[in-house]
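Participant: structure for the following, please:
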Amino acid sequence: MKKGIIIFLLLFLVIPFFSLGEETDIYIPVSFQEIEDMGKEKIESGGMIALIKNIWNDEVVPFFRKSWEIIIGFWNNKIKPLFQKEIDKRGSAIREELEKEKNEIKEEAPNVGKSLWEKFKRLIHISD
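Facilitator: Predicted structure coming up:
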């Protein structure tokens, strides 16, 4: 029981205060009146399209760009080196297999088109 209370206090009372030390450059409105004033100001200054465009360019795009940079950095620094030896070893064999498959598809493609056309003609002929 005591462990449960201690874990509860740590999770819900102590840990959230660590986020208060982080600096943010985004202004968060405190009251509904401030939210309303900000919305009216944005709508009057350039319309709803400008509001959406500003939100997209100022908040959404930077968020996804930063997320993408983090993901790519993690991939390049942590994941890719684990598989790089295997990629180097099997790279030429994979390229050769891809070339063979590509050539097979080029040879079979005209026949597939003809067989599909024949099936379509039979379908139309049967339905008459």
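
Participant: select the longest helix from this structure.
Facilitator: helix 80-127 (DSSP state H).

Participant: can you tell me the average pLDDT over it?
Facilitator: The average pLDDT within helix 80-127 is 80.

Participant: what does stretch 68-75 give?
Facilitator: On average, stretch 68-75 scores 92.

Participant: phi, psi for Val30 please.
Facilitator: phi -90, psi -40 (degrees, to the nearest 10).

Participant: show me the contacts for it.
Facilitator: Under the criterion of CB atoms under 8 Å, 6 or more residues apart in numbering, Val30 has no contact partners. Backbone N, C-alpha and C define where each C-beta goes, glycine included.

Participant: Met38: what's it in contact with?
Facilitator: Contacts of Met38 by CB under 8 Å, 6+ apart are Pro29.

Participant: which ones are touching Lys40?
Facilitator: With CB under 8 Å, 6+ apart, Lys40 has no contacts at all.

Participant: check which helix or strand covers it.
Facilitator: helix 32-55 (DSSP states H and E).

Participant: buried ones in that helix?
Facilitator: 42, 51 (16 or more other CB atoms under 10 Å).

Participant: CA atoms of that helix as CSV?
Facilitator: Extracted in CSV, the C-alpha atoms of helix 32-55 (Å, rounded to 0.1, in the frame of the first residue of the first chain):
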residue,chain,number,x,y,z
PHE,A,32,-11.4,32.2,-22.9
GLN,A,33,-11.5,35.9,-23.5
GLU,A,34,-7.8,35.9,-24.7
ILE,A,35,-8.6,33.0,-27.0
GLU,A,36,-11.6,34.9,-28.4
ASP,A,37,-9.5,38.1,-28.9
MET,A,38,-6.7,36.1,-30.6
GLY,A,39,-9.2,34.5,-33.0
LYS,A,40,-10.9,37.8,-33.8
GLU,A,41,-7.6,39.4,-34.4
LYS,A,42,-6.5,36.7,-36.8
ILE,A,43,-9.8,36.6,-38.7
GLU,A,44,-9.9,40.4,-39.0
SER,A,45,-6.3,40.7,-40.1
GLY,A,46,-6.5,38.3,-43.1
GLY,A,47,-9.4,36.0,-43.0
MET,A,48,-9.7,32.4,-42.1
ILE,A,49,-7.5,31.2,-44.9
ALA,A,50,-4.7,33.4,-43.6
LEU,A,51,-5.3,32.0,-40.1
ILE,A,52,-5.0,28.5,-41.3
LYS,A,53,-2.0,29.3,-43.4
ASN,A,54,-0.2,30.9,-40.5
ILE,A,55,-1.0,28.0,-38.2
